[in-house]
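A.B. asks: Mind looking at a prediction? Sequence and model below.
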Amino acid sequence: MSILLLDIVTTAAILFAVAAGLMIILGVMKLINFAHGAFLTVGGYTAFLTTEAGITPWLAAPLAGIFGFLAGIVIERVVVRPLYARPLDAILATWGLGIVIGQLITIGFGREVQFAASPLSGTFDLGSIDYSAYRIVVTLIAVAIGIALTALFYGTRFGLQARAVIMNETLARGLGIDSGKVRTLTFGLGAGLACAAGALITPLLSVDPNMGLPWLVNSFMLVLVSGVSIPSLALASLILGGAQVAVSTYISPIIGGLTIVVLAAFILRINPRGLGLG
């Protein structure tokens, strides 16, 4: 197994974990959450604060996820819910929310780059090569997230209600489903996943007030290509993330940073439905 292949697989897993929260909110609420990048940043700073407090880094992602879930519920009720009848205003509200969160982080922490401790250091021996142990663990966590989301949406009462809202919200309300509650829990879940993903990726990078912006762009393009489908998001992450790694390795990291956006636009130009595995 080559390092390039491992880079492709682990990068795809990271992209999947980062984009999952955005996909869930878009699927159930028909809302593009432009605050997604800000939630990722909040997760990054949660990991940083966990390090500063001397708490085990293994708790950074769970703590970030819990905080994001609770904050998402409050934000949905206070900011998003009053704007359901005005979808464009709701989208703009999430954009403004992202800016506000970014400014609050800047006021609280400054613009300096910060670092969070990794819960796992060193490498795993994979035969002829050694590879980052933490990237492999993050990959396994991303797989667990995919399995958990599949179980949630296809094996629970909430999942049944959420899929009913996705298909036809008016009919779902007529059948007695509380679509408002479904929306609230969905936004909380999406925000929680975003914050947890931010905490997960921070030990691989660094944290600053703008760290979520490039991830927001890539997540947005991945969700456009995949639609409301967990398997499609995994496939899009593998194809587009793999292309990004290959271009960054063999051509230029700068061009590689644009690969996901360009390739997603190309796929959508050929097939507006994207990769859609259903």
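C.D. replies: The structure has been received and is ready for your questions. Numbers count the residues shown, from 1 in each chain.

A.B. asks: ranges for the strands of the stretch 1-150 of the chain?
C.D. replies: 123-126, 129-132 (DSSP state E, counting those that start in this stretch).

A.B. asks: nearest to Thr46, of these?
C.D. replies: strand 129-132 (21.9 Å; CB to CB). Every residue, glycine included, has its C-beta placed from N, CA and C.

A.B. asks: For the closest one, name the packing helices and strands.
C.D. replies: helix 3-29, strand 123-126 (3 or more CB pairs under 8 Å, 6 or more residues apart in numbering; DSSP states H and E).

A.B. asks: wait, doesn't Leu175 sit right on Ala164?
C.D. replies: Yes - using CB atoms under 8 Å, Leu175 makes contact with Ala164 at a distance of 7.0 Å.

A.B. asks: the helices in the stretch 51-200 of the chain, which residues?
C.D. replies: Using DSSP state H, counting those that start in this stretch, the helices of the stretch 51-200 of the chain run over 60-75, 87-109, 133-155, 157-167, 169-174, 179-201.

A.B. asks: Just send the ones you listed back as a markdown table, with mean pLDDT too.
C.D. replies: As requested, the helices of the stretch 51-200 of the chain are exported to a markdown table (pLDDT from 0 to 100):
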| stretch | mean pLDDT |
| --- | --- |
| helix 60-75 | 96 |
| helix 87-109 | 93 |
| helix 133-155 | 94 |
| helix 157-167 | 86 |
| helix 169-174 | 82 |
| helix 179-201 | 94 |
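
A.B. asks: and the ones you listed, which is most packed in?
C.D. replies: Mean neighbours per residue, mean count of other CB atoms under 10 Å, is largest over the helices of the stretch 51-200 of the chain for helix 179-201, with a mean of 26.

A.B. asks: and it, C-alpha only, in CSV?
C.D. replies: This file holds the C-alpha atoms of helix 179-201, laid out as CSV (Å, rounded to 0.1, in the frame of the first residue of the first chain):
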residue,chain,number,x,y,z
SER,A,179,-41.5,19.1,11.4
GLY,A,180,-40.4,22.0,13.6
LYS,A,181,-38.9,19.6,16.1
VAL,A,182,-37.3,17.6,13.3
ARG,A,183,-35.7,20.8,11.9
THR,A,184,-34.5,21.9,15.4
LEU,A,185,-32.8,18.5,16.0
THR,A,186,-31.4,18.4,12.5
PHE,A,187,-29.8,21.8,12.8
GLY,A,188,-28.4,20.9,16.2
LEU,A,189,-27.0,17.6,14.8
GLY,A,190,-25.5,19.4,11.8
ALA,A,191,-23.9,22.0,14.0
GLY,A,192,-22.6,19.4,16.4
LEU,A,193,-21.1,17.3,13.6
ALA,A,194,-19.4,20.5,12.2
CYS,A,195,-17.9,21.4,15.6
ALA,A,196,-16.7,17.8,16.2
ALA,A,197,-15.1,17.7,12.7
GLY,A,198,-13.3,21.0,13.4
ALA,A,199,-11.9,19.5,16.6
LEU,A,200,-10.8,16.4,14.8
ILE,A,201,-8.9,18.1,12.0
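
A.B. asks: Which positions within the next helix or strand after it qualify as buried?
C.D. replies: Going down the chain from helix 179-201, the next helix or strand is helix 212-226, by DSSP states H and E. Neighbour-count burial for helix 212-226, counted by 16 or more other CB atoms under 10 Å, picks out 212, 215-226.

A.B. asks: could you dump those residues to TSV with pLDDT and distance to Lys181?
C.D. replies: Shown next, in TSV, are the buried residues of helix 212-226 (pLDDT from 0 to 100; distance: CB to CB, whole Å):
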residue	pLDDT	distance to Lys181
Gly212	92	28
Trp215	93	29
Leu216	92	27
Val217	92	31
Asn218	93	31
Ser219	93	26
Phe220	93	27
Met221	93	31
Leu222	94	28
Val223	92	24
Leu224	90	28
Val225	91	30
Ser226	88	26
